[in-house]
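In: 3D, please:
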Amino acid sequence: MSLVTQSATHRPSDRICGCRGLVDRYFYFGVSLVIAFVTIYGFSQTIDANLLHPAIARPLLLWVHGAAFAAWLALFIVQSLLVRTRHVRLHRSFGWFVAGLGTVMVPLGFAIAVIMGRFHIHQLGDRAPAVEASLILSFYDMVAFAVVFAMAFAWRRKPDIHRRLMFVATCGLTSAAFTRFPVEAIQHEYVCVDALIGLGILRDLFVSHRVHKAYLYALPILAISQGLTMYVVQNSVAWWVRIAHAILA
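Out: Predicted coordinates:
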């Protein structure tokens, strides 16, 4: 009887429970490495020609922008690792630095979008209408990041909401990396961004058999706003082109 009982305990359901535990413990740290890979691979396709050894020197602020966003990614990985290793007090001690960096990144992102838009038109000779229409992409990314990040900060004392919103905010920053992938099939970077967020949904379904409300509210709103943003770009909507032209003039 003891042998039967012992063998009965080693069933597929036990292995599934073990996998759930692994996913639960390592998901956010693992996905932070995936985001790092996406970012590094994407920007590695253009960083030499566009920043390190450009034919025309780029504005100095572009270096600051790159450093700030790289620091955010590094902190996201470190913070995920600290939570995984249960160094919660150290994780919280970094919180105000993360808050400060996230706050700085928003105006920095808007500023570099305008500066580089003018640079592409006046220095590189790119077509002004295309640059003006595309400006909304950078603006949208910063607005979306600012809103989700602010919500994550507001709910910092509710870890289940906080970590998901921080994950969503960081996923949103990968859109620029996806546009640099040397794959023609990637024509809509926001589909790739939402696929990354979808990993969080799959994690919840696998671990707890339900989707957390943070995703239920955030993802539909993001998808709709992304679709509207792409519509403006692809159709060069007149009202936005007029606004962008005034900004980049």
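In: Leu173 - how many residues pack around it?
Out: 22 (other C-beta atoms under 10 Å). Every residue, glycine included, has its C-beta placed from N, CA and C.
In: now it. Its backbone dihedrals?
Out: Dihedral pair for Leu173: phi -70, psi -10, per degrees, to the nearest 10.
In: wait, what's in contact with it?
Out: 39, 69, 72-73, 141, 145 (C-beta atoms under 8 Å, 6 or more residues apart in numbering).
In: which one of those residues sits closest to Tyr231?
Out: Using C-beta to C-beta, Asp141 comes nearest to Tyr231 of the contacts of Leu173, at 15.9 Å.
In: report pLDDT for that closest one.
Out: Turning to Asp141, the model gives it a pLDDT of 97.
In: do the same with Ser138
Out: With respect to pLDDT, Ser138 has a value of 96.
In: just to revisit the earlier point, save the contacts of Leu173 as JSON lines, and put in distance to Arg25 and secondary structure too.
Out: Compiled in JSON lines, the contacts of Leu173 are given as follows (distance: C-beta to C-beta, whole Å; DSSP: H, G, I helix; E, B strand; the rest coil):
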{"residue": "Thr39", "distance to Arg25": "24", "secondary structure": "helix"}
{"residue": "Phe69", "distance to Arg25": "28", "secondary structure": "helix"}
{"residue": "Trp72", "distance to Arg25": "24", "secondary structure": "helix"}
{"residue": "Leu73", "distance to Arg25": "22", "secondary structure": "helix"}
{"residue": "Asp141", "distance to Arg25": "31", "secondary structure": "helix"}
{"residue": "Phe145", "distance to Arg25": "27", "secondary structure": "helix"}
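In: and the lowest mean pLDDT element among the helices and strands of the chain?
Out: Sorting the helices and strands of the chain by mean pLDDT, DSSP states H and E puts helix 2-8 at the bottom, at a mean of 43.
In: for Ala57, phi and psi?
Out: phi -60, psi 140.
In: burial count for it?
Out: Counted with other C-beta under 10 Å, Ala57 comes out at 10.
In: need the contact list for Leu101.
Out: 68, 71-72, 75.
In: now Ala246: how far from Gly125?
Out: Separation of Ala246 from Gly125 (C-beta to C-beta, to the nearest Å): 21 Å.
In: ok, Ser208 - contacts?
Out: Per C-beta under 8 Å, 6+ apart, neighbours of Ser208: none.
In: ok, which stretches of this protein are strands?
Out: Using DSSP state E, the chain contains no strands.
In: who's in contact with the spatially most central residue of it?
Out: Nearest to the mean C-alpha position of the chain, by C-alpha atoms, centre = their mean, lies Cys171 at 2.2 Å. Applying C-beta under 8 Å, 6+ apart, we find Cys171 in contact with 35, 193, 196-197.
In: try 10 Å this time
Out: 31, 34-35, 38, 145, 148, 192-200, 222 (C-beta atoms under 10 Å, 6 or more residues apart in numbering).
In: pLDDT score for it?
Out: pLDDT, Cys171: 97.
In: check the gap between it and Leu61 for me.
Out: Using C-beta to C-beta, we find Cys171 at a distance of 25 Å from Leu61.
In: also Val98?
Out: Distance from Val98 to Leu61, by C-beta to C-beta: 22 Å.
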